[in-house]
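> Requesting a structural model of the entry that follows:
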Amino acid sequence: MSETEKSPRILPLVLAVAFLLVAAGLGYLGIRVLDRLDAIETQVTTLGEEATQAATASTEALEQARRAEESARAAAEGRELAEKDAQSARETSAAAQEEAKSAREEADAAMAEAERIQKEAKAELNRLEEALSKVVETRRTALGLVLNLGEESIKFDFDKADLKPKERELLSRIAGILLTSSDYTVSVNGYTDDVGTDDYNQKLSERRAEAVRAYLLEAGVPAEIMTVTGWGKKKPRVEGTSEQARAKNRRVELGIVNARVSYRSAAFDNR
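Predicted structure coming up:
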């Protein structure tokens with residue numbers, strides 16, 4: 001067979017082989033492209049997930065930043081309030097200390113004034129005691145002065161409550177001394193001897209005390225500073241049933257209390 005005759009037969013074979021080679025190359029390239037596309041898709045998916053996670057993390061970070069900012073703002077406001085409270089507390093403390101100081105000064109001044117008043121009142125009571133003791137039996141007690149208007153000064157007759165002229169003169173002198181002072185009270189206490197019933201002697205003692213109060217009132221002693229109490233035959237000055245003892249027990253006693261002096265708890269009837 002000649003070369004010319006062989007050529008037409010070889011050409012299709014060559015073309016077929018070439019086609020197959022091209023097809024194989026294209027298939028291989030396609031497979032590679034597909035693999036590359038799968039890799040790219042996987043990478044894109046991964047990147048999308050990572051982007052989503054990054055967006056979520058960013059959102060959380062922004063939320064944390066917002067909360068941190070709010071906490072910082074609240075802390076700053078708290079510090080400001082705390083500073084204001086501290087300043088207010090310091091001012092209140094300073095004001096309280098100033099008030100306490102002023103109160104102490106006022107208390108010290110009041111105490112000094114009270115001591116001065118009591119000192120003057122005691123001095124006045126001493127003056128009254130000295131003056132009254134010159135005209136009537138006078139003794140000092142825990143409450144003040146007690147004037148005994150007994151047999152030596154006012155001699156009440158048996159079953160009587162009348163004042164004699166000499167006794168009125170004595171009461172006038174006592175009233176004159178009392179009127180030179182102030183800030184005092186007078187308790188007029190009547191007593192009887194042991195003869196008679198309790199009820200009768202109670203009323204008799206009240207009449208005797210009232211007779212003395214009435215004359216002191218007439219002599220100028222203010223009614224509002226005087227009180228009257230009858231003791232009947234209780235608390236005799238002298239024990240016994242003799243006429244001398246009974247005469248001493250028929251008496252009136254005046255209790256003089258200066259209202260500006262603080263006294264111990266005691267009573268004029270504790271004799």
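> what are the ranges of the strands in the stretch 51-200 of the chain?
137-140, 145-149, 184-190 (DSSP state E, counting those that start in this stretch).
> Show me the shaky parts of the stretch 51-200 of the chain.
By pLDDT under 70, the low-scoring segments of the stretch 51-200 of the chain are 51.
> try it again with 80
Filtered on pLDDT under 80, the stretch 51-200 of the chain yields the residue ranges 51, 54-55, 57-58, 61-62, 65, 114, 117-118, 121, 150-157.
> any chance you could map the helices in it?
Here the stretch 51-200 of the chain has its helices, by DSSP state H, counting those that start in this stretch, at 165-178, 198-218.
> Tabulate those helices in TSV, adding columns for mean neighbour count.
Every C-beta, even on glycine, is put in place using the N, C-alpha and C of the backbone. Putting these into TSV (neighbours: other Cβ atoms under 10 Å) gives the following:
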stretch	mean neighbour count
helix 165-178	17
helix 198-218	19
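> Of all the strands of the stretch 51-200 of the chain, which one is nearest Pro12?
Pro12 lies closest to strand 184-190 among the strands of the stretch 51-200 of the chain, at 159.4 Å (Cβ to Cβ).
> Next, count neighbours for the nearest residue to Leu147 once chain neighbours are set aside.
Excluding its sequence neighbours, the residue lying closest to Leu147 (Cβ to Cβ, 6 or more residues apart in numbering) is Leu254, at 4.0 Å. Neighbour count for Leu254, taken as other Cβ atoms under 10 Å: 25.
> measure the nearest residue to Leu171 once chain neighbours are set aside to Ile31 for me?
Of all residues not flanking Leu171 in the chain, Tyr215 sits nearest, at 4.9 Å (Cβ to Cβ, 6+ apart). Tyr215 is 149 Å from Ile31, where distance means Cβ to Cβ, to the nearest Å.
> roughly how far apart are Ala103 and Thr59?
63 Å.
> quick one: stretch 239-252 to chain centroid distance?
Here stretch 239-252 is found 56 Å from its chain centre; the criterion is Cα atoms, centre = their mean, to the nearest Å.
> cool, stretch 186-193 as well?
Worked out by Cα atoms, centre = their mean, stretch 186-193 lies 45 Å from the chain centre.
> got JSON lines for the helices of the stretch 51-200 of the chain, with distance to Glu80 too?
Formatted as JSON lines, these follow (distance: least, Cβ to Cβ, whole Å):
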{"stretch": "helix 165-178", "distance to Glu80": "72"}
{"stretch": "helix 198-218", "distance to Glu80": "76"}
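> Ala110 is nearest to which of these?
Short answer: helix 165-178, nearest of those by Cβ to Cβ, at 29.1 Å.
> Let me know the angle separating the closest one from helix 198-218.
Angle, helix 165-178 to helix 198-218, by axes from the mean of the first three to the mean of the last three Cα atoms, to 10 degrees: 60 degrees.
> Now do helix 165-178 against strand 145-149, angle only.
Using the same axes, to 10 degrees: helix 165-178 against strand 145-149 is 170 degrees.
> In terms of secondary structure, what does helix 165-178 contact?
helix 3-132, strand 145-149, helix 198-218 (3 or more Cβ pairs under 8 Å, 6 or more residues apart in numbering; DSSP states H and E).
> Let's see that with 7 Å instead.
Using 3 or more Cβ pairs under 7 Å, 6 or more residues apart in numbering; DSSP states H and E as the contact test, the elements touching helix 165-178 are helix 3-132, helix 198-218.
> of these, which approaches Asn148 most closely?
helix 3-132 (10.8 Å).
> can you pull the contacts of the residue nearest to Leu147?
Leu147, Leu149, Val186, Val188 (Cβ atoms under 7 Å, 6 or more residues apart in numbering).
> related to what we said a few turns ago, can you add distance to Gly196 and mean neighbour count and give the strands of the stretch 51-200 of the chain back as JSON lines?
Listed next are those as JSON lines, based on distance: least, Cβ to Cβ, whole Å; neighbours: other Cβ atoms under 10 Å:
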{"stretch": "strand 137-140", "distance to Gly196": "26", "mean neighbour count": "14"}
{"stretch": "strand 145-149", "distance to Gly196": "21", "mean neighbour count": "22"}
{"stretch": "strand 184-190", "distance to Gly196": "14", "mean neighbour count": "23"}
